[in-house]
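1. quick one: sequence plus predicted model below, questions after.
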Amino acid sequence: MSEKKRVLVVDDEVNIRRILQAALDKVGYHTLIAENGETALNLLRSEAVDCVLTDVTMPGIDGYELQRAVRANWPNVPVVIMTAYGTIPQAVQSIRDGAFEYITKPFDLDAVKKVIKAALKGSESAHAPKAIGKATKTFIADSPQMQEVYRTIQQVADSRATILITGESGTGKEVVARLLHDLSSRSTAAYVALSCAALPETLLESELFGYVKGAFTGADNDKPGRFETANGGTLFLDEIGDIPTPTQVKLLRVLQEREIERLGANKPTQIDVRLVTATNRDLGEAVEDGSFRLDLMYRLKVVEIHLPPLRERKEDVMPLAEHFLAKFSRENGRVLTRVSEESLGVLLAYTWPGNVRELENAMERAVVLAGREDQILTLDHLPKHVKPAA
Ligand SMILES: Nc1ncnc2c1ncn2[C@@H]1O[C@H](COP(=O)(O)OP(=O)(O)OP(=O)(O)O)[C@@H](O)[C@H]1O
Ligand SMILES: [Mg+2]
């Protein structure tokens, strides 16, 4: 028999400590308690602890300081933060700082148990060897803004925090979603992507949650949904701003309960999926006009990664252009790999409404049009609309 996992509960309210200790002991954990951050740190120094569940507001060392201390000294011990609804922005910051998850008070004991279970599971797999030599796509990030994006990706890749990627079309949202997966300890498990754009409600729901035979006309077999297929790995939902309200409710439930129910089934299945979503719509506006739920938005953007348009990060233009030239030259047996001063000026002056994708297309066109001997991109290779009117 395996030893009991040891959970440390930190809260200055005696009733909360009692309730949590009773509930966690009952499901088979050994629960330690501390009434403040100092006591918690002393316990961590003297006892084995597998997971910390801490309140935020406490006299002395508060929950966030405790979390940072745990991260610095016991990096393999996951920390779950309990916070009041009003302080979600700080909780989100704590996830960036490495907290495993946050729970809003008043909490539901079932939800607490599930999060603890997931946290303990995550800390086990964090020790598992990572896949090496994964075919991560080249990710160019020379500009200060994109370096900041890359730092955030590295920081949050391994947490199970839900991530919302925003940015205009063609800024690299899909690349970032994939990178989040490849840099995480889930990289050996599945990466599943689905675009929610223009999918009618019933089709979207059967794609997401799956169905059992006979759930509706045409359901001839049991079929797992994308959540199940992505179990243990990452699910990327693109164009999340487009999902219909009833599906939003179901998605919120899945995120809270960490379980899904196939259409027509009446038995939920536990799942462990890291959700990454993307949108080029402004979700805040969608919330205001009533087409998107506020509570779901909060759940989705525990961490938001915003990709600025290419015209606002000129430092990336040249390295991206050369990267694409090299790639398409290889594919097409050409030698066009460098950019002339004059054409660089043009590339920098243009506004790139289609962002990186438009630059990529322009470089592909240039390579295809280039002569076999051409090594340097000149104005002749560039499409007319990119060049300033003569
Ligand atoms: N930083 C980057 N480094 C290298 N390639 C990139 C980078 N950003 C984007 N790309 C390339 O640009 C193209 C567009 O990127 P992607 O499909 O991720 O954009 P998107 O934001 O998802 O666009 P949309 O909103 O239209 O779905 C892809 O071919 C991608 O590989
Ligand atoms: Mg995309």
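-> Thanks, I have the structure now. Ligands and ions are numbered 1, 2, ... in the order given.

2. OK, contacts around Val335?
-> The neighbours of Val335, taking Cβ atoms under 8 Å, 6 or more residues apart in numbering as the test, are Ser329, Arg372, Glu373, Asp374, Gln375. Yep, even glycine has a C-beta here, placed from its N, CA and C like the rest.

3. what separates Pro388 from Lys314, distance-wise?
-> Distance of Pro388 to Lys314, given as Cβ to Cβ, to the nearest Å: 16 Å.

4. and these two? which has more neighbours close in?
-> Using other Cβ atoms under 10 Å, the more surrounded residue of Pro388 and Lys314 is Lys314, with 14 against 8.

5. verify the contact between the more buried one and Leu348 for me.
-> Yes. Contact status for Lys314 versus Leu348: in contact at 5.4 Å, counting by Cβ atoms under 8 Å.

6. does Thr83 count as helix, strand or coil?
-> Assigned with DSSP: H, G, I helix; E, B strand; the rest coil, Thr83 falls in the strand class.

7. report the closest residue of the stretch 251-390 of the chain relative to ligand 2.
-> Of all residues in the stretch 251-390 of the chain, Ala278 sits closest to ligand 2, at 6.3 Å by Cβ to the ion.

8. in a strand, that's where that residue is, yeah?
-> Yes. Counting by three-state DSSP, Ala278 is part of a strand.

9. that one: how many residues sit nearby?
-> 25.

10. quick check: mean pLDDT of stretch 285-296?
-> In this model, stretch 285-296 has a mean pLDDT of 94.

11. kindly report the same for stretch 180-192.
-> 91.

12. can you offset everything so residue one is 2?
-> Let's use 2 as the start, then, which means that last one is stretch 181-193.

13. in that stretch, what counts as buried?
-> Neighbour counts over stretch 181-193 (16 or more other Cβ atoms under 10 Å) mark Leu181, His182, Asp183, Leu184, Ser185, Ser186, Arg187, Ser188, Ala190, Ala191, Tyr192, Val193 as buried.

14. sort out for me which of those residues are in helices.
-> With DSSP state H as the criterion, helices contain Leu181, His182, Asp183 from among those.

15. out of the residues you listed, which is nearest to ligand 2?
-> Within those, proximity to ligand 2 (Cβ to the ion) peaks at Leu181, which comes in at 13.9 Å.

16. who are the neighbours in contact with the closest one?
-> Leu181 makes contact with Ile154, Val157, Ala158, Ile164, Thr235, Arg275, Val277, according to Cβ under 8 Å, 6+ apart.

17. apply 7 Å and report the result again.
-> Shown in contact with Leu181 (Cβ atoms under 7 Å, 6 or more residues apart in numbering): Ile154, Ala158, Ile164, Thr235, Val277.

18. wait, the second one touches Ser185, no?
-> This points to Ala158. Yes. Using Cβ atoms under 7 Å, Ala158 makes contact with Ser185 at a distance of 4.4 Å.

19. for Tyr103, give its distance to Ala162.
-> Tyr103 is 9 Å from Ala162, by Cβ to Cβ.

20. now do the shared contacts for those two.
-> Residues touching both Tyr103 and Ala162 by Cβ under 7 Å, 6+ apart: Ile96.

21. so the closest residue to ligand 2 within the chain is in which element?
-> Going by Cβ to the ion, ligand 2 is nearest to Glu175 of the chain, at 4.2 Å. In this assignment (DSSP states H and E), Glu175 forms part of helix 174-183.

22. before we move on, what about Leu297?
-> helix 295-301.

23. for Pro320, same thing?
-> For Pro320, the element it lies in under DSSP H and E is helix 318-333.

24. by contact count, what packs against that helix?
-> strand 339-340, helix 342-350, helix 356-370 (3 or more Cβ pairs under 7 Å, 6 or more residues apart in numbering; DSSP states H and E).

25. mean confidence score for it?
-> Averaging pLDDT along helix 318-333 gives 92.

26. buried residues in it?
-> Buried residues in helix 318-333 (16+ other Cβ under 10 Å): Val318, Leu321, Ala322, Glu323, His324, Phe325, Leu326, Ala327, Lys328, Phe329, Ser330.

27. now do stretch 210-220
-> By neighbour count on 16+ other Cβ under 10 Å, the buried set for stretch 210-220 is Phe210, Gly211, Tyr212, Val213, Ala216, Ala220.

28. please flag which of the residues you listed sit within strands.
-> Under the assignment DSSP state E, the buried residues of stretch 210-220 contribute Gly211, Tyr212 to strands.
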